[in-house]
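Chemist: Could you look at this predicted model? Sequence included:
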Amino acid sequence: MTLTAFRRTRRRTVATGRIRFPRALTEMERAGAARLQTIASLHDDLERLGHTVTDVSVVGTPVVARGARWHAIVRIDTGEELVATCRIGLGRSARYDVRHTP
């Protein structure tokens, strides 16, 4: 699993990334790994931007299925809350966006 994209985007968006998975993973394994890998990648991306993650909580129960979306609230050292949205792709990838809460 590798992070293939990281960039700073519009003002409200902190980071955007894409994770690609090996072909050998089944659909259930890919969807479960997407959750874990996305949170790990978010943590790394925010550290690259100079923040320390203090807490991550998943909102609701993440659905383990292709095409599903789930959200996480990420708290950083400045006291800000960021909302992470992950979309599990229909192929071998998952995408995520991290935004400042309005």
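Modeler: That came through fine. Numbers count the residues shown, from 1 in each chain.
Chemist: which residues of this structure fall in helices?
Modeler: Under the criterion DSSP state H, the chain contains helices at 27-48.
Chemist: Flag the shaky bits of it, pLDDT-wise.
Modeler: Counting by pLDDT under 70, the chain shows low-confidence ranges at 1-17, 21, 25, 27-28, 30-32, 34-35, 60-68, 89-93, 96, 100-102.
Chemist: how about a cut-off of 50?
Modeler: Within the chain, the segments meeting pLDDT under 50 span 1-9.
Chemist: quick one, strands of it?
Modeler: 2-7, 13-20, 53-59, 69-76, 81-88, 93-100 (DSSP state E).
Chemist: Burial check on the residue nearest to I76 when sequence neighbours are not counted, number of neighbours?
Modeler: Spatial nearest neighbour of I76, excluding adjacent residues (Cβ to Cβ, 6 or more residues apart in numbering): H51 at 4.3 Å. Any C-beta I mention is one placed from the backbone N, CA and C, and that applies to glycine too. Residues lying near H51 (other Cβ atoms under 10 Å) number 18.
Chemist: Neighbours of R69, how many?
Modeler: R69, neighbours per other Cβ under 10 Å, totals 12.
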